[in-house]
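Q: Compute the structure for the input listed below.
(chains A and B)
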Amino acid sequence: AQTIHQWPVAEIKAVGSPLSLGCTIKGKSSPNLYWYWQATGGTLQQLFYSITVGQVESVVQLNLSASRPKDDQFILSTEKLLLSHSGFYLCAWSLGFSSAETLYFGSGTRLTVL
Amino acid sequence: GDSVIQMQGQVTLSENDFLFINCTYSTTGYPTLFWYVQYSGEGPQLLLQVTTANNKGSSRGFEATYDKGTTSFHLQKTSVQEIDSAVYYCAMRDTGANTGKLTFGHGTILRVHP
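A: Numbers count the residues shown, from 1 in each chain, chains lettered A, B, ... in the order given. Purely as a prediction, here's the structure:
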(Lines give C-alpha, C1' and ligand atoms only; values in the text may rest on other atoms or scores of the structure.)
Protein backbone atom coordinates (compact mmCIF):
# COMPACT_ATOMS: atom_id res chain seq x y z
CA ALA A 1 0.00 0.00 0.00
CA GLN A 2 1.13 3.52 -0.75
CA THR A 3 1.88 5.87 2.09
CA ILE A 4 2.57 9.58 2.07
CA HIS A 5 4.39 11.17 4.96
CA GLN A 6 4.78 14.88 5.53
CA TRP A 7 7.08 16.61 7.96
CA PRO A 8 6.96 18.50 10.20
CA VAL A 9 3.39 18.30 11.41
CA ALA A 10 3.46 21.94 12.45
CA GLU A 11 5.87 24.86 12.41
CA ILE A 12 5.89 28.27 14.02
CA LYS A 13 8.41 30.56 12.33
CA ALA A 14 9.40 34.19 12.32
CA VAL A 15 8.97 36.51 9.34
CA GLY A 16 12.18 36.49 7.31
CA SER A 17 13.34 33.09 8.50
CA PRO A 18 13.92 30.14 6.13
CA LEU A 19 11.55 27.22 5.71
CA SER A 20 11.82 23.67 4.51
CA LEU A 21 8.89 21.25 4.38
CA GLY A 22 9.17 17.69 3.20
CA CYS A 23 7.10 14.88 1.80
CA THR A 24 7.93 11.22 1.11
CA ILE A 25 5.86 8.74 -0.86
CA LYS A 26 6.42 5.05 -0.34
CA GLY A 27 5.03 2.14 -2.29
CA LYS A 28 4.66 3.88 -5.64
CA SER A 29 7.31 4.27 -8.30
CA SER A 30 7.58 7.54 -10.26
CA PRO A 31 4.42 9.23 -9.02
CA ASN A 32 3.39 12.72 -10.04
CA LEU A 33 3.88 14.93 -7.01
CA TYR A 34 2.17 18.16 -5.98
CA TRP A 35 2.25 20.87 -3.36
CA TYR A 36 -1.04 22.49 -2.39
CA TRP A 37 -1.60 25.38 -0.01
CA GLN A 38 -4.67 26.13 2.03
CA ALA A 39 -4.87 29.57 3.64
CA THR A 40 -6.82 29.67 6.90
CA GLY A 41 -10.49 29.53 5.97
CA GLY A 42 -9.59 29.31 2.29
CA THR A 43 -9.65 26.72 -0.43
CA LEU A 44 -6.86 24.49 -1.73
CA GLN A 45 -4.55 25.98 -4.32
CA GLN A 46 -1.97 24.07 -6.33
CA LEU A 47 1.54 25.55 -6.00
CA PHE A 48 3.85 23.10 -7.80
CA TYR A 49 3.84 19.81 -9.61
CA SER A 50 6.55 17.39 -10.62
CA ILE A 51 6.52 14.56 -13.13
CA THR A 52 10.02 13.27 -12.54
CA VAL A 53 13.14 13.67 -10.45
CA GLY A 54 14.78 17.06 -10.82
CA GLN A 55 11.84 18.57 -12.70
CA VAL A 56 9.40 20.90 -10.95
CA GLU A 57 6.86 23.27 -12.47
CA SER A 58 5.47 26.29 -10.66
CA VAL A 59 1.75 26.98 -10.91
CA VAL A 60 1.39 29.96 -8.60
CA GLN A 61 4.05 32.47 -7.57
CA LEU A 62 4.15 32.82 -3.81
CA ASN A 63 7.90 33.39 -3.25
CA LEU A 64 8.29 29.68 -2.57
CA SER A 65 10.33 27.06 -4.38
CA ALA A 66 10.11 23.30 -4.67
CA SER A 67 12.53 20.54 -5.52
CA ARG A 68 12.39 16.82 -6.15
CA PRO A 69 15.81 15.42 -5.20
CA LYS A 70 14.65 11.78 -5.26
CA ASP A 71 11.84 9.90 -6.97
CA ASP A 72 9.93 9.60 -3.70
CA GLN A 73 10.72 12.97 -2.13
CA PHE A 74 9.32 16.47 -2.62
CA ILE A 75 10.61 19.54 -0.79
CA LEU A 76 9.00 22.98 -0.40
CA SER A 77 11.21 25.82 0.76
CA THR A 78 11.90 29.51 0.95
CA GLU A 79 14.79 31.59 2.26
CA LYS A 80 12.57 34.31 3.67
CA LEU A 81 9.11 33.70 5.06
CA LEU A 82 6.31 36.25 4.75
CA LEU A 83 3.27 36.58 6.98
CA SER A 84 1.16 35.58 3.99
CA HIS A 85 2.84 32.16 3.90
CA SER A 86 0.86 31.03 6.93
CA GLY A 87 -1.54 28.20 6.24
CA PHE A 88 -1.80 24.48 5.71
CA TYR A 89 0.59 22.88 3.21
CA LEU A 90 -0.39 19.62 1.62
CA CYS A 91 1.69 17.25 -0.44
CA ALA A 92 -0.14 14.97 -2.83
CA TRP A 93 0.55 12.33 -5.46
CA SER A 94 -1.20 10.78 -8.42
CA LEU A 95 -0.38 8.14 -10.99
CA GLY A 96 -0.70 10.52 -13.91
CA PHE A 97 -2.43 13.56 -15.31
CA SER A 98 -5.48 11.96 -16.84
CA SER A 99 -8.74 13.52 -15.74
CA ALA A 100 -9.90 10.53 -13.75
CA GLU A 101 -6.71 10.19 -11.72
CA THR A 102 -7.29 10.48 -8.01
CA LEU A 103 -5.15 12.86 -6.00
CA TYR A 104 -3.95 11.39 -2.69
CA PHE A 105 -3.07 13.91 -0.01
CA GLY A 106 -0.78 13.73 2.98
CA SER A 107 -1.83 14.89 6.43
CA GLY A 108 -0.35 18.32 5.90
CA THR A 109 1.92 20.76 7.73
CA ARG A 110 0.39 23.64 9.65
CA LEU A 111 2.63 26.72 9.25
CA THR A 112 2.25 29.81 11.39
CA VAL A 113 4.40 32.80 10.52
CA LEU A 114 4.67 35.46 13.21
CA GLY B 1 -9.67 29.92 -16.49
CA ASP B 2 -11.33 27.06 -14.69
CA SER B 3 -13.42 27.90 -11.65
CA VAL B 4 -15.58 26.11 -9.11
CA ILE B 5 -18.15 27.93 -7.00
CA GLN B 6 -19.32 26.34 -3.76
CA MET B 7 -21.82 28.72 -2.16
CA GLN B 8 -22.71 26.93 1.06
CA GLY B 9 -20.01 27.82 3.56
CA GLN B 10 -21.58 25.95 6.44
CA VAL B 11 -24.42 23.49 6.87
CA THR B 12 -25.78 22.40 10.25
CA LEU B 13 -28.00 19.35 10.44
CA SER B 14 -29.32 16.82 12.91
CA GLU B 15 -28.64 13.11 12.60
CA ASN B 16 -30.81 11.40 9.96
CA ASP B 17 -31.39 14.70 8.11
CA PHE B 18 -30.98 14.91 4.35
CA LEU B 19 -27.79 16.53 3.03
CA PHE B 20 -27.51 18.41 -0.24
CA ILE B 21 -24.46 20.45 -1.25
CA ASN B 22 -24.26 22.08 -4.64
CA CYS B 23 -21.41 23.43 -6.76
CA THR B 24 -21.23 25.09 -10.15
CA TYR B 25 -18.26 24.92 -12.45
CA SER B 26 -16.84 26.76 -15.41
CA THR B 27 -14.38 25.33 -17.91
CA THR B 28 -13.75 25.35 -21.62
CA GLY B 29 -12.77 21.68 -21.51
CA TYR B 30 -14.28 18.38 -20.49
CA PRO B 31 -14.23 18.05 -16.74
CA THR B 32 -14.12 15.20 -14.31
CA LEU B 33 -15.71 16.27 -11.05
CA PHE B 34 -14.76 15.18 -7.55
CA TRP B 35 -15.92 15.45 -3.98
CA TYR B 36 -13.25 15.41 -1.30
CA VAL B 37 -13.82 15.24 2.45
CA GLN B 38 -11.43 16.70 5.01
CA TYR B 39 -11.63 15.71 8.66
CA SER B 40 -10.13 17.95 11.30
CA GLY B 41 -6.32 17.96 11.24
CA GLU B 42 -6.06 15.73 8.17
CA GLY B 43 -5.53 16.13 4.46
CA PRO B 44 -8.49 15.83 2.08
CA GLN B 45 -9.44 12.38 0.92
CA LEU B 46 -11.43 11.39 -2.14
CA LEU B 47 -15.08 10.71 -1.45
CA LEU B 48 -16.51 10.46 -4.95
CA GLN B 49 -15.75 11.21 -8.56
CA VAL B 50 -18.07 11.57 -11.51
CA THR B 51 -16.61 11.30 -14.98
CA THR B 52 -19.70 11.42 -17.13
CA ALA B 53 -22.56 13.88 -16.97
CA ASN B 54 -25.82 12.50 -15.59
CA ASN B 55 -24.05 9.47 -14.21
CA LYS B 56 -24.00 8.87 -10.50
CA GLY B 57 -21.09 8.15 -8.24
CA SER B 58 -21.71 6.70 -4.81
CA SER B 59 -19.66 5.89 -1.73
CA ARG B 60 -20.35 5.47 1.99
CA GLY B 61 -23.99 6.42 1.50
CA PHE B 62 -23.13 9.60 -0.43
CA GLU B 63 -24.22 10.16 -4.02
CA ALA B 64 -22.92 12.64 -6.58
CA THR B 65 -24.13 13.62 -10.00
CA TYR B 66 -23.38 16.40 -12.41
CA ASP B 67 -25.54 18.22 -14.90
CA LYS B 68 -23.68 19.42 -17.98
CA GLY B 69 -26.60 21.61 -19.02
CA THR B 70 -26.54 23.71 -15.87
CA THR B 71 -22.79 23.12 -15.22
CA SER B 72 -23.61 22.09 -11.69
CA PHE B 73 -22.82 19.10 -9.54
CA HIS B 74 -24.04 18.11 -6.19
CA LEU B 75 -23.44 15.80 -3.26
CA GLN B 76 -26.26 14.26 -1.29
CA LYS B 77 -26.85 11.81 1.50
CA THR B 78 -30.25 10.63 2.66
CA SER B 79 -29.45 10.31 6.34
CA VAL B 80 -26.36 12.00 7.80
CA GLN B 81 -24.63 10.85 10.96
CA GLU B 82 -22.50 12.73 13.47
CA ILE B 83 -19.37 11.06 12.06
CA ASP B 84 -20.05 12.79 8.73
CA SER B 85 -19.11 16.13 10.30
CA ALA B 86 -16.23 17.43 8.20
CA VAL B 87 -15.41 19.88 5.41
CA TYR B 88 -16.59 18.84 1.95
CA TYR B 89 -14.90 20.20 -1.16
CA CYS B 90 -16.07 19.97 -4.72
CA ALA B 91 -13.26 19.93 -7.26
CA MET B 92 -12.77 19.76 -10.98
CA ARG B 93 -10.06 18.59 -13.31
CA ASP B 94 -10.15 19.56 -16.93
CA THR B 95 -9.30 16.63 -19.20
CA GLY B 96 -7.24 18.93 -21.35
CA ALA B 97 -5.03 20.16 -18.52
CA ASN B 98 -1.53 18.74 -18.33
CA THR B 99 -0.67 19.88 -14.85
CA GLY B 100 -2.80 17.43 -12.90
CA LYS B 101 -4.33 20.49 -11.31
CA LEU B 102 -7.53 20.16 -9.35
CA THR B 103 -9.55 23.35 -8.99
CA PHE B 104 -11.30 23.29 -5.63
CA GLY B 105 -14.36 25.09 -4.30
CA HIS B 106 -14.11 26.91 -0.97
CA GLY B 107 -15.51 24.04 1.00
CA THR B 108 -18.67 23.42 3.01
CA ILE B 109 -18.34 22.83 6.74
CA LEU B 110 -20.87 20.19 7.71
CA ARG B 111 -21.83 19.95 11.38
CA VAL B 112 -24.15 17.14 12.36
CA HIS B 113 -25.69 17.23 15.82
CA PRO B 114 -26.73 13.99 17.56
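
Q: Who are the contact partners of the closest residue to chain A within chain B?
A: Relative to chain A, the nearest point of chain B is B:Gly43 (3.4 Å; C-beta to the nearest C-beta). All C-beta spots, glycine's among them, are computed from the backbone N, C-alpha and C. Contact analysis of B:Gly43 by C-beta atoms under 8 Å, 6 or more residues apart in numbering or on different chains lists A:90, A:92, A:105-108.

Q: please redo it, this time with the cut-off set to 6 Å
A: Remark: with contacts taken as C-beta atoms under 6 Å, 6 or more residues apart in numbering or on different chains, B:Gly43 is in contact with A:90, A:105-108.

Q: Please convert these to CSV, extending it with neighbour count, secondary structure and pLDDT.
A: Below are these laid out as CSV (neighbours: other C-beta atoms under 10 Å in any protein chain shown; DSSP: H, G, I helix; E, B strand; the rest coil; pLDDT from 0 to 100):
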residue, neighbour count, secondary structure, pLDDT
A:Leu90, 26, strand, 96
A:Phe105, 21, strand, 93
A:Gly106, 22, coil, 94
A:Ser107, 16, coil, 93
A:Gly108, 25, coil, 94
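
Q: A:Thr52: which of those is nearest?
A: In terms of C-beta to C-beta, no member of those lies closer to A:Thr52 than A:Gly106, at 19.7 Å.

Q: in the helix or strand containing A:Ser77, what's buried?
A: Per DSSP states H and E, A:Ser77 falls inside strand A:73-78. Residues of strand A:73-78 classed as buried: A:74-76, A:78 (neighbour count, 16 or more other C-beta atoms under 10 Å in any protein chain shown).

Q: Return the residues in contact with whichever residue of chain A sits closest to chain B.
A: Nearest residue of chain A to chain B (C-beta to the nearest C-beta) works out as A:Phe105 at 3.4 Å. Contact analysis of A:Phe105 by C-beta under 6 Å, 6+ apart lists A:90, A:92, B:43-44.

Q: Can you name the two of those residues that sit furthest apart?
A: A:Ala92 and B:Pro44 (8.6 Å).

Q: and the residue nearest in space to the middle of chain A, bridged to which residues?
A: With distances taken as C-alpha atoms, centre = their mean, the residue of chain A nearest its centroid is A:Trp35 (3.0 Å). On the basis of DSSP bridges, A:Trp35 is bridged to A:Phe48, A:Cys91.

Q: Was I right to think it contacts A:Leu47?
A: Yes - A:Trp35 is in contact with A:Leu47 according to C-beta atoms under 6 Å; the separation is 4.4 Å.

Q: hmm, back to that, excluding chain neighbours, give the residue nearest to the residue of chain B closest to chain A in space.
A: Setting aside the residues directly before and after it, B:Gly43 is nearest to A:Phe105 in space (C-beta to C-beta, 6 or more residues apart in numbering or on different chains), at 3.4 Å.

Q: Any idea how many residues pack against B:Trp60?
A: Not quite, residue B:60 is Arg, not Trp. 10 (other C-beta atoms under 10 Å in any protein chain shown).

Q: Repeat that for the one 10 residues further on.
A: Other residues within reach of B:Thr70 by the criterion other C-beta under 10 Å amount to 9.

Q: contacting residues for the nearest residue to it once chain neighbours are set aside?
A: Excluding its sequence neighbours, the residue lying closest to B:Thr70 (C-beta to C-beta, 6+ apart) is B:Thr24, at 7.6 Å. Contacts of B:Thr24 were listed using C-beta under 6 Å, 6+ apart, and they are B:5, B:71-72.

Q: Pretty sure A:Ser67 sits against A:Gln73.
A: No - between A:Ser67 and A:Gln73 there is no contact under C-beta under 6 Å: 8.8 Å.
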